[in-house]
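Sequence first, predicted model second:
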Amino acid sequence: MERLDGMPEQAGGGAIDLCRVVDIDACGCQLLALFLENLKRRGAAPMLTAVPPAVRERIVTLGFGELLALQPEP
């Protein structure tokens, strides 16, 4: 069965590497959250990886830590 939007279903997970991100604002967090939600709707299980400490702190401070499902720091 084909999806209504014509996109194929994806299975499995995917890593979104944020190692090159130096800063993020509320709009960036919102866009990232929408992107992750879109991937989840398509059957993927995306996960943020290599989040720099300053970016992680900013995401949490802006209140997006839980929404973006940040994994605990190693």
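Structure's in. What do you need?

Could you list the low-pLDDT ranges of the chain?
When residues are selected by pLDDT under 70, those of the chain lie in 1-12, 71-74.

how about the strand or helix carrying Cys27: buried residues?
Taking DSSP states H and E as the criterion, Cys27 maps to helix 26-41. The neighbour-count criterion (16 or more other Cβ atoms under 10 Å) identifies Gly28, Cys29, Leu32, Leu36, Leu39 as the buried residues of helix 26-41. From N, CA and C alone the C-beta is placed, and that goes for glycine too.

Also stretch 52-72?
Residues Val55, Arg56, Arg58, Ile59, Leu62, Phe64, Leu68, Leu70 are the ones in stretch 52-72 that count as buried (16+ other Cβ under 10 Å).

Distance of the fifth one relative to Leu39?
It stands for Leu62. Counting by Cβ to Cβ, to the nearest Å, the gap from Leu62 to Leu39 is 21 Å.

do the same with the first one
The span separating Val55 from Leu39 equals 19 Å under the rule Cβ to Cβ.

in the chain, which spans are helices?
Using DSSP state H, the helices of the chain run over residues 26-41, 53-61.

any chance of those in CSV, plus distance to Gly14?
Shown next, in CSV, are those (distance: least, Cβ to Cβ, whole Å):
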stretch, distance to Gly14
helix 26-41, 7
helix 53-61, 19
